[in-house]
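A.B. asks: Starting from these lines, generate the structure:
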Amino acid sequence: MLSSNAMILGSPMVHSSEITSRLQKGGALIEDMRQLVCNWSDNSSEPLRLTAHILQKTTRARAADTYRRAFLPRFINGRPPDAWRLAKQLEAAGPSIEIVRPFYYWITARAELLLYRFVTENLFEKAKTSDIDIRIEETVSWVRKTLVNEGKRWSPTVQLKVARGLLAALDLLPIDYTRLQDLPVSAAVKEQKPAESNLTGFTRH
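C.D. replies: The predicted structure follows:
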């Protein structure tokens, strides 16, 4: 039986209908999203300037990327619209990270169809087998096949970056495949240092 988090992700509610390459700029970006949510308001008339002020990135371009590719499509124009309001109410209650993460994951997956499909079409099936390794090359292959089916073309570099973004999102957010327990997670690529993972039951290579 899948966890409640995975069941929420796999629910038949309407998700974004478009596959995009936005994940190449990062995965779930939970800490950035939380900072923006907690400081956002109806009076945020200059979103790029406000984002740069809140996030304090090394450049304004990086802050703008975070806003345009993550916060705007997920927490403002996503489904539900203006999800930042819901998240802000949750944050105001001071919940534990175990409560916050699934909620942010839900918002992210509803805005990022590729993430939603990777979990529901790929990882759900993988959880039924004895192969619990999540390999970067297999993820890239899955992305490539999905693009072909959708009639889209991305460069090999973009495909790799998006695949990394998928795995980064899943490392930061809890999906508990309860049949598989507490196995270590290794780095997907040399450039990435593995953080403590919440992708319980799978290993990355």
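A.B. asks: For the longest helix seen in the chain, which helices and strands make contact with it?
C.D. replies: Longest helix in the chain, counting residues (DSSP state H): helix 156-172. Contact analysis of helix 156-172 by 3 or more C-beta pairs under 8 Å, 6 or more residues apart in numbering; DSSP states H and E lists helix 113-117, helix 136-150 as its packing neighbours. Where C-beta positions appear, they are placed from N, C-alpha and C, glycine not excepted.
A.B. asks: Now do it against helix 136-150: the angle between them, please.
C.D. replies: Interaxial angle, helix 156-172 versus helix 136-150 (axes from the mean of the first three to the mean of the last three C-alpha atoms, to 10 degrees): 110 degrees.
A.B. asks: I'd like the mean pLDDT over helix 156-172, please.
C.D. replies: Taken as a whole, helix 156-172 has an average pLDDT of 88.
A.B. asks: Name the residues of that helix that are buried.
C.D. replies: Neighbour-count burial for helix 156-172 flags 159-172 (criterion: 16 or more other C-beta atoms under 10 Å).
A.B. asks: same thing with stretch 82-99?
C.D. replies: Result for stretch 82-99 [16+ other C-beta under 10 Å]: buried residues 83, 84, 85, 87, 88.
A.B. asks: Switch these over to TSV; also include distance to residue 151 and pLDDT.
C.D. replies: TSV is the format used below for these (distance: C-beta to C-beta, whole Å; pLDDT from 0 to 100):
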residue	distance to residue 151	pLDDT
83	29	97
84	33	97
85	35	97
87	34	97
88	38	97
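A.B. asks: can you tell me which of those are in strands?
C.D. replies: Per DSSP state E, strands hold no members of these.
A.B. asks: from those, which is closest to residue 18?
C.D. replies: Within the buried residues of stretch 82-99, the smallest distance to residue 18 is 17.2 Å, found for residue 83 (C-beta to C-beta).
A.B. asks: any idea how far the closest one lies from residue 23?
C.D. replies: Going from residue 83 to residue 23 by C-beta to C-beta, to the nearest Å gives 18 Å.
A.B. asks: Can you tell me which of the helices and strands packed on helix 156-172 is most buried?
C.D. replies: Comparing the helices and strands packed on helix 156-172 by mean neighbour count (mean count of other C-beta atoms under 10 Å), helix 113-117 ranks first with a mean of 21.
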